[in-house]
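[1] Here you go, sequence then predicted model.
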Amino acid sequence: MTPDPAALTSRAPFSGDLGRPDWLALHVHDASAPIARRFAEATVAPYGADRDNVGLITSELVTNALRAARRLVEEGLAPAWNYPARPLRIGVLATERWVRLSITDPDPRPIDPLAPSENGWGLGIVDTLSVKRWTTYEAESKTVHVIVAAPGVALSATEVDTLQAATMNHSLRR
């Protein structure tokens with residue numbers, strides 16, 4: 001879908017106000033990746049974002065989060081994630097210029113980008129389709145953040161850096 005050039009000129013650069021993301025808590029279950037994908041696609045649809053790219057990025061990141069949560073159980077570092085536990089979270093914040101995805105899992109350990117069994121092509125796909133990816137860590141979780149530009153929008157390096165800094169300084173809690 002080619003965006004209307006008139007609409008692109010009305011898309012103001014990021015002002016520093018993140019607003020509030022839409023959040024969804026997820027079970028550690030195979031159905032969580034497609035549920036998260038549909039949630040993200042539906043959230044970004046009114047803003048003209050590339051739903052397919054956002055959906056693919058979401059699927060890749062939630063699949064990695066599922067693996068991380070399951071690995072904690074396998075290593076005896078967490079109890080089994082039985083119902084009603086929902087240790088995974090996806091946050092979606094969309095504007096006409098960009099989408100920010102935030103995927104949280106309960107494993108605070110860093111992602112090993114060289115571990116093919118953990119990531120395969122997933123993070124490469126995410127990095128190709130997004131403008132920026134970074135991870136924040138807390139005592140009992142990590143969150144992978146991704147910024148995806150809207151079709152026809154080129155985000156400046158300053159705008160991306162401002163978005164990342166605003167995310168770091170903004171409470172991402174529900």
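    Now that the structure is in, tell me what you want to look at.

[2] okay, which residue is most central for the chain?
    Leu101 (2.8 Å; C-alpha atoms, centre = their mean).

[3] Is it correct that that residue falls within a strand?
    Yes: counting by DSSP: H, G, I helix; E, B strand; the rest coil, Leu101 is part of a strand.

[4] so what's it closest to, chain neighbours aside?
    Among residues not flanking Leu101 along the chain, Val146 sits closest, at 4.6 Å (C-beta to C-beta, 6 or more residues apart in numbering). (Each C-beta comes from the backbone N, C-alpha and C, glycine too.)

[5] Wasn't the one you found part of a strand?
    Yes: counting by three-state DSSP, Val146 falls inside a strand.

[6] picking up where we left off before, for the residue nearest to the centre of the chain, list the residues it contacts.
    Residues in contact with Leu101 (C-beta atoms under 8 Å, 6 or more residues apart in numbering) are Ala40, Val54, Ile57, Thr58, Leu61, Ile90, Gly91, Val92, His145, Val146, Val148.

[7] So in terms of bridging, what pairs with it?
    Beta-bridge pairing for Leu101 (DSSP bridges): Val92, Val146.

[8] where exactly do the helices run in the protein?
    Using DSSP state H, the helices found in the chain span residues 5-9, 32-44, 51-74, 116-119, 122-129, 157-169.

[9] Which strands or helices does the longest one pack on?
    Under the contact definition 3 or more C-beta pairs under 8 Å, 6 or more residues apart in numbering; DSSP states H and E, helix 51-74 sits against helix 32-44, strand 88-94, strand 98-105, helix 116-119, helix 122-129, strand 141-149.
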